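Peer 1: Sequence and predicted structure are below.
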Amino acid sequence: MYKELKKFKVTNQFSFTTDDSLEEVCNASEGSGVFLVYSIGDEKELIMVGSTGTVQNDGTLKIKNGGLKDKIVEGHQFAKTGRKYSWPAQMKIEDISTLEVVWYETFNDSTKVIPTFVEGQILQNFLDENGKLPKWNVAF
């Protein structure tokens, strides 16, 4: 686990296979924060980091309806379609049987850390350790 994530108390995880409905298995909150996606095989590999929620200059949070849950399920990746469709297709292409998604609320009533800041820290650490970004992160 990345040390940046230890301070966040509102967190959980879920597993997803191509036989599952992402809408049904996703237990993410409607809050703001980051999510990490791992491919589970012989080894657990971090393949993506994402976030949702924007802090405005007055310190308030701008969040799209549905928060983390909606970003994970409906967010576009690999195509102009929601992850509930694109993830199973990509998993079949890459022969990935299971994904583990771990999410953290980074900005709420008790914690105020900008979601994209945490996402950037995790991606920077990954880049430092591996010389590249996780394979499902196109750019940052």
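Peer 2: Arrived safely, thanks for sending.
Peer 1: for this structure, where's the lowest mean pLDDT among helices and strands?
Peer 2: strand 61-62 (a mean of 86; mean pLDDT, DSSP states H and E).
Peer 1: just checking, what packs against the very next helix or strand once past that strand?
Peer 2: Later in the chain than strand 61-62, the nearest helix or strand by DSSP states H and E is helix 67-74. Judged by 3 or more Cβ pairs under 8 Å, 6 or more residues apart in numbering; DSSP states H and E, helix 67-74 is in contact with helix 22-25, strand 32-40, strand 44-52, helix 83-94, strand 98-107. The way it works is simple: take the backbone N, C-alpha and C, and place the C-beta from them, glycine included.
Peer 1: wait, which of those is closest to residue 7?
Peer 2: For the helices and strands packed on helix 67-74, the distance to residue 7 is smallest for strand 98-107, at 8.9 Å, taking Cβ to Cβ.
Peer 1: Which residues does the residue nearest the centre of the chain form beta bridges with?
Peer 2: Most central in the chain under Cα atoms, centre = their mean is residue 35, positioned 2.4 Å from the mean C-alpha point. Legend: beta-bridge partners of residue 35 under DSSP bridges are residue 50, residue 103.
Peer 1: Give the full set of residues in contact with it.
Peer 2: Residue 35 is in contact with 28, 49, 50, 51, 68, 71, 72, 101, 102, 103, 104, counting by Cβ atoms under 8 Å, 6 or more residues apart in numbering.
Peer 1: Out of the residues you listed, who's the most crowded?
Peer 2: For the contacts of residue 35, the largest number of neighbours (other Cβ atoms under 10 Å) sits with residue 68, at 31 neighbours.
Peer 1: Give me the below-cutoff pLDDT ranges for this structure.
Peer 2: 1 (pLDDT under 70).
Peer 1: residue furthest from the geometric center of this structure?
Peer 2: Note on the chain: the largest C-alpha distance from the chain mean falls to residue 58, namely 25.9 Å (Cα atoms, centre = their mean).
Peer 1: May I see the buried residues of stretch 130-140?
Peer 2: Neighbour-count burial for stretch 130-140, counted by 16 or more other Cβ atoms under 10 Å, picks out 133, 134, 136, 137.
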